[in-house]
Every structure is written in C-alpha cells, then in structure tokens.
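Chemist: here is my input, please return the structure:
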Amino acid sequence: MRTIKTTTGAEIALDGDLLAVMEILYREVTARQELERSFEDMIREIQHLIGQMTDEERRAYLTESLFLNTVKYENDRLESYMRKLAREPKS
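Modeler: Residues are numbered from 1 along each chain as shown. The predicted structure is shown next:
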C-alpha cells in the first residue's frame, strides 16, 4: 500500500479511508499547534497531501469526501426540521 507524508513526517496509508486522513490532519495540524492553527495552516497541509496523490487517488478521496459531506448535510437539514417540528404548537 502506498503512503504519503504530512509536512511533519507522519505517514498516511492511501487505503481510501478518508476519516483516517482527517484524524491525522487533526493530530498533525490542530492538536500539534494546541488548537492555534489557522485556516491557511490546514489548507496548506491539505494541499501538501493532495500534491502527493495521483489523479486516481484524488478522485477516490474526493468521491468519499463528497459522499460524507452530503450525508452530513442531509443529517443537519433533518435535525433542523425535527427541531422546528418540536417547537411548533400542537393543535
């Protein structure tokens, strides 16, 4: 299995597990900087990782990312709707 590295040297196995990549990003950018990271810090690290991927790997991770974000979006919309229903007066 192919691996890529963060700017801090942490290895990431490219096995299609987007959540594993997100965990390493959190650990190597956010936690390492004690929550004092900026938008630019995270973008720079993500771009560093993407630059090491092949077109096929980028396509696979983008597909998984879009899927997970769509599910999150749907869940957020449903949660908002359920809160609205709970606030409406009963007839």
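Chemist: flag the shaky bits of this protein, pLDDT-wise.
Modeler: Applying pLDDT under 70 to the chain flags residues 91.
Chemist: quick one: the helices in it?
Modeler: Shown for the chain, the helices assigned by DSSP state H span residues 18-25, 39-51, 55-87.
Chemist: do you know which of those helices lies nearest E11?
Modeler: With C-beta to C-beta, the closest approach to E11 among the helices of the chain belongs to helix 18-25: 8.6 Å. For glycine as for every other residue, the C-beta is placed from the backbone atoms N, C-alpha and C.
Chemist: ok and that closest one relative to helix 55-87, angle-wise?
Modeler: 90 degrees (axes from the mean of the first three to the mean of the last three C-alpha atoms, to 10 degrees).
Chemist: make residue 1 into 58 and carry on from there
Modeler: Happy to do that; since the first residue is 58 now, the last one works out to helix 75-82.
Chemist: which outside residues touch helix 75-82?
Modeler: Contact partners of helix 75-82, identified using C-beta atoms under 8 Å, 6 or more residues apart in numbering, comprise T63, A67, I69, A70, M99, E102, I103, L106, Y118, E121, S122, L125.
Chemist: got these as a markdown table, with neighbour count and distance to E80 columns?
Modeler: Formatted as a markdown table, the contacts of helix 75-82 follow (neighbours: other C-beta atoms under 10 Å; distance: C-beta to C-beta, whole Å):
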| residue | neighbour count | distance to E80 |
| --- | --- | --- |
| T63 | 19 | 12 |
| A67 | 14 | 10 |
| I69 | 20 | 10 |
| A70 | 13 | 12 |
| M99 | 15 | 14 |
| E102 | 19 | 13 |
| I103 | 14 | 14 |
| L106 | 21 | 13 |
| Y118 | 18 | 14 |
| E121 | 15 | 14 |
| S122 | 13 | 14 |
| L125 | 13 | 13 |
